[in-house]
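Participant: Fold the following, please.
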Amino acid sequence: MKILIITQNELKKKIADNILRSLPEWFGVESSTKEYVNGLNNKTFFAAKKKDEYLGFFAIDEINTDVANLYVLGLKKEFLHQGMGTKIYAEVEKHLKDHHFKYVTVYTVSSKSADTNYAKTRSFYFKLGFSEVYENSGIWDKNNPFLLMIKYIGNEK
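Facilitator: Just a heads-up that it's a prediction; the model follows:
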C-alpha cells in the first residue's frame, strides 16, 4: 500500500465519491456527500492505494497558518480497524508538521448522539490523540450534535 498526495481535483472527487458512497452509515445524506465531494478543490488530499485500487483518503483544509482541519475522510469498510486510517493520518500529520502547522482539528458528531458509528469515529480520533474542545447541538441539528476535536502537533515557529 502506498499513500499518495493527489493534486488533480477530478481524481480527488472520483476517489472521495466512490468511498463515501460505500459508507452510508456515515455519509447517507446525499446533499452532504455532494457538498463534501464538491468542496475538495484546494484541499490537500491523501489517498491510500494498493495496485489500481484506492482504499481510503483524508482531505485536509488549511484553516490558517497554524490550524489544519480534517475536512473529510473515509476508508472502504473492509479496511476499517486494520490500521490503515492510522497510517494515512501519520502521513497527514507529518505533512502538516513539515509545513509548520501547530494544530489539527476535526468536526464530528458528539456523544450526545446515540449513533454507534460515530462512537467508533470518536474512538479513532481519541486514539490518534485528539481531545474534545467544543460541543453544540444547534450547529448541525439536534440529531447530529456538533463536536470540535483538536490535537496539538507542535511546531513552534
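Participant: State which helix of the protein is the longest.
Facilitator: Ranked by residue count, the top helix of the chain under DSSP state H comes out as helix 84-98.
Participant: list the buried ones in that one?
Facilitator: M84, G85, I88, Y89, V92, E93, H95, L96 (16 or more other CB atoms under 10 Å). C-beta here means a position set from N, CA and C on the backbone, and glycine is covered the same way.
Participant: and the worst-scoring helix or strand of the chain on mean pLDDT, what other elements does it pack with?
Facilitator: Here the helix or strand of the chain ranked lowest by mean pLDDT, DSSP states H and E is helix 24-27, holding a mean of 84. If you count contacts as 3 or more CB pairs under 8 Å, 6 or more residues apart in numbering; DSSP states H and E, helix 24-27 packs onto helix 9-21, helix 116-128.
Participant: Could you check how far T105 is from P24?
Facilitator: 25 Å (CB to CB, to the nearest Å).
Participant: between these two, who's got more neighbours?
Facilitator: T105 (17 against 11; other CB atoms under 10 Å).
Participant: Mind telling me what element that one is part of?
Facilitator: Assigned by DSSP states H and E, T105 belongs to strand 103-109.
Participant: Partner strands of that strand, with direction?
Facilitator: strand 67-75 (parallel), strand 144-152 (antiparallel) (DSSP bridges).
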